[in-house]
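Trainee: Okay, sequence plus prediction incoming.
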Amino acid sequence: MKKLFAVAAFAAATMLGVSQAQAQTYKTGAGVLVDFGDGATFVGPHVKHFFKANHAGEFSVLFADGATLAQANYQYHQPFAGASGLQWYVGAGPGIIFGDGFTEFAPSAMLGLDFKIPGAPLDFSMDWRPRFIIGDNSDAEAGRFNAGFRFTF
């Protein structure tokens, strides 16, 4: 009986720890996203919103010299155990790059880190975001990175 009680207590503690570890550290964040690496550097506003504890949508409109990138991405987040506010994420989503006389479809994938400063309404993210350009000048840009700076609420 004591062994059964110990196993039940361990299972309950484990489930409590897992449920706490899966809670997101903020609901919505808005700020600036910088997309840099191979090719042009894009900068502009973006919003990240958690629809569920581990599932977020990121929406941005970024500007570069003579071009605009609009994108909507899905991201799956998981926290690092013992690192308050730090999460890793993977995701993907469509994008459209347009400018004077051209429009290109630009889907991308991402793998990154998201850090919400505990006790402060600030969040930072950094990811590797390879992009595929589909259009007149089709290409793959493996060396693309994004840095996000957000105010959370």
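Mentor: Yep, it's here.
Trainee: going forward, measure contacts and count neighbours with C-alpha atoms only.
Mentor: Noted.
Trainee: what helix or strand is Pro118 on?
Mentor: Remark: Pro118 resides in no helix or strand, with elements defined by DSSP states H and E.
Trainee: I'd guessed it sits against Phe124; true?
Mentor: No. Here Pro118 does not reach Phe124: they are 11.8 Å apart, not a contact under CA atoms under 8 Å.
Trainee: more crowded one of those two?
Mentor: Phe124 (19 against 12; other CA atoms under 10 Å).
Trainee: Quick one: residues contacting that one.
Mentor: 114-116, 147-150 (CA atoms under 8 Å, 6 or more residues apart in numbering).
Trainee: List only buried entries from those residues.
Mentor: Buried members of the contacts of Phe124, scored by 16 or more other CA atoms under 10 Å, are 114-116, 147-150.
Trainee: Most widely separated two among those residues?
Mentor: Within the buried ones among the contacts of Phe124, Lys116 and Ala147 form the most distant pair, 13.7 Å apart (CA to CA).
Trainee: wait, which of the contacts of Phe124 is closest to Arg131?
Mentor: Ala147 (15.2 Å).
Trainee: Excluding chain neighbours, what is closest to that closest one?
Mentor: Spatial nearest neighbour of Ala147, excluding adjacent residues (CA to CA, 6 or more residues apart in numbering): Met126 at 4.5 Å.
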